[in-house]
Structures are given as C-alpha cells and as structure tokens.
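*Asks:* need coordinates for the below:
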Amino acid sequence: MSAGVQVHTRRTALAGAIRGLAELVRYRELVVNLVVRDLKLRYRHSVLGFLWCLLNPLLMMTVFTVVFTVMLPDNRIERYPIFILVGILAWQLHQTALMGAIHSVVANAHLVQKVYFPREVLPISVVLANTVNFLLALLVIFPIIFIEGGTLTGTLAFLPLVVLNQVIFTLGVALFLAAINVFYRDTGIIMETVIQAWFFLTPILYRIEDLLPSYARAMYILNPPASFIASYRDILYYGGMTNLDFFLRTSATSVVVLVVGYLCFRSASRHFSEAL
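*Replies:* Numbering: from 1, shown residues only. Predicted coordinates for the structure are as follows:
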C-alpha cells in the first residue's frame, strides 16, 4: 500500500470517528434512557433497592477486616476498614462495568438488528449506570472515615478527576470487550477468570508499598486500576494529594485506551448484524 493510500485511509478513519462522536452527542437522550432503564431493572422487585450498592461493599469490608485484622492480627495497615473499603469500591466499579458491558451488544441483539442507533451507546450506558452506583456507594465511606479517626482535606475536590480518569479507562476496555464478544462468545467466560486473577494482582487487600520495588513499578505501569486505587487512597485514606506527575501519566494511558477501544468498536460494529 502506497503512502498516499495509507494517509487517505487514516484520514477516512479519523473522519468516521469524528462523525461517530457527533452522532453520540445527538443520541445522548438514548444513553440517559438506557442508564435509567439499567438502574431500574437492577433494583426491580428488590426490597432494599439501591441500598444494596451500599451494603455489598460494607459486607466485603467487614469480611476482609475480620480476616486480616482479627484472624491475622499482625496486619500492619492502620485503619484497615477505610483502606480496604476504598479499594473494594474502586474495584467494584471496574469489575461490574466491564462484566456488564461485555454482554451489552449481544443482550440487545434484537435492537441492533432492527433499529439504527450508534452501537456504542450500549456499553457506554452500562459503564455510566455502574458509575452512578459507584457514586452512591461512595457515600458510605465518609462516615466510616470519621468513625475510624480519619480526616478529609481540601484534596477531596480532586476526587471527581480520579473518578473520571477511571471511567475513561474502563469505558475503553469495555468498548473493546463488547465488540470482541459479538464474534467470540467465550469472551465473557474468559473474563470471569481474568477478573478474578486481576483482583488479586491489584493492591486491594494489601499495600503496593509492601511489594518489591520492581514489582510495584511494574504494577503501576501494567495495571492502571492499581493507579486509580492509589489515587483514591491518597485522597480518602491518607488525606493528602496524589502525585500529579503520576496521575497525568495514568490519565494519558486512560485516554489512549479509550481511543483504541472506541476505534476497534467502530470498526467491528459494521459487522454486528451479520454476527448476531
């Protein structure tokens, strides 16, 4: 392929991506409706409703606190309930958003085959619905911080940027996995195992500082969720400011992942109807 043809192909792909983004803006009401639908379906016929998104992380926090501070009393992490709750909340956003988005296109095959709309809205709505749940669940951490003797500082204002950073990364991965799952239905099954392993390879139950320096550095580079959790803990657990240079590098990684995921989804979406 000549250089001129390559340039033309890239420009065409870029123009298509820009048109796709403009189309997403026009279909923003559909995204909102799908988010509301997902939230309603999730808690339909549930006695406690959205309170489950508060109780689940509290239950997990209690279990891990008992295991690592009572059954294993030599734990060196102070105020462990706050430490573990921050990690659990951040991880649950990542896990539930990905596992839901993987099946979003296949689960709505009847719509994809009959109605035209930007297919991206399906995984996007799943990620945003789980983000709403995360924000609600995040409320439980503030009284626990005060109960455990922690403090909140002005750096709390930086928290929305950390959330946005994580959502950008998760959305990029979700778009990629949702597209792959249309053609290879084993994706969801494989990801269940990957997610479980990913959980233990992420510093949720332990401090990344307790790892060997080489392992800690590799984790920060290769495992973006570790970076998000570190930022959350800097603000909510330590009451300080996250390293801006480190945060900016993580933000750049998240944007790259989103762009790649979006372009892969756009390219694959042309063949969804055939595969479904």
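
*Asks:* low-scoring stretches of the chain, by residue?
*Replies:* For the chain, the stretches flagged by pLDDT under 70 are 1-17, 20, 45-51, 74-75.

*Asks:* quick one, helices of it?
*Replies:* With DSSP state H as the criterion, the chain has helices at 3-26, 28-43, 52-65, 80-102, 104-107, 109-114, 121-138, 141-147, 159-183, 187-200, 213-222, 224-236, 244-269, 272-275.

*Asks:* can you add mean neighbour count and give these back as JSON lines?
*Replies:* Where C-beta positions appear, they are placed from N, C-alpha and C, glycine not excepted. JSON lines is the format used below for the helices of the chain (neighbours: other Cβ atoms under 10 Å):
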{"stretch": "helix 3-26", "mean neighbour count": "11"}
{"stretch": "helix 28-43", "mean neighbour count": "15"}
{"stretch": "helix 52-65", "mean neighbour count": "17"}
{"stretch": "helix 80-102", "mean neighbour count": "23"}
{"stretch": "helix 104-107", "mean neighbour count": "20"}
{"stretch": "helix 109-114", "mean neighbour count": "12"}
{"stretch": "helix 121-138", "mean neighbour count": "22"}
{"stretch": "helix 141-147", "mean neighbour count": "14"}
{"stretch": "helix 159-183", "mean neighbour count": "22"}
{"stretch": "helix 187-200", "mean neighbour count": "14"}
{"stretch": "helix 213-222", "mean neighbour count": "13"}
{"stretch": "helix 224-236", "mean neighbour count": "24"}
{"stretch": "helix 244-269", "mean neighbour count": "17"}
{"stretch": "helix 272-275", "mean neighbour count": "14"}
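
*Asks:* may I see these organised as JSON lines, with distance to Y206 added?
*Replies:* Shown next, in JSON lines, are the helices of the chain (distance: least, Cβ to Cβ, whole Å):
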{"stretch": "helix 3-26", "distance to Y206": "39"}
{"stretch": "helix 28-43", "distance to Y206": "31"}
{"stretch": "helix 52-65", "distance to Y206": "11"}
{"stretch": "helix 80-102", "distance to Y206": "9"}
{"stretch": "helix 104-107", "distance to Y206": "33"}
{"stretch": "helix 109-114", "distance to Y206": "41"}
{"stretch": "helix 121-138", "distance to Y206": "22"}
{"stretch": "helix 141-147", "distance to Y206": "19"}
{"stretch": "helix 159-183", "distance to Y206": "20"}
{"stretch": "helix 187-200", "distance to Y206": "9"}
{"stretch": "helix 213-222", "distance to Y206": "11"}
{"stretch": "helix 224-236", "distance to Y206": "11"}
{"stretch": "helix 244-269", "distance to Y206": "19"}
{"stretch": "helix 272-275", "distance to Y206": "41"}
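
*Asks:* between those, which one is closest to M71.
*Replies:* Evaluated over the helices of the chain, closeness to M71 peaks at helix 52-65, with 10.1 Å, by Cβ to Cβ.

*Asks:* how about residues contacting the closest one?
*Replies:* For helix 52-65, the surrounding residues in contact (Cβ atoms under 8 Å, 6 or more residues apart in numbering) are 43, 46, 48, 80-81, 84-85, 88-89, 92, 133-134, 136-137, 139-140, 205.
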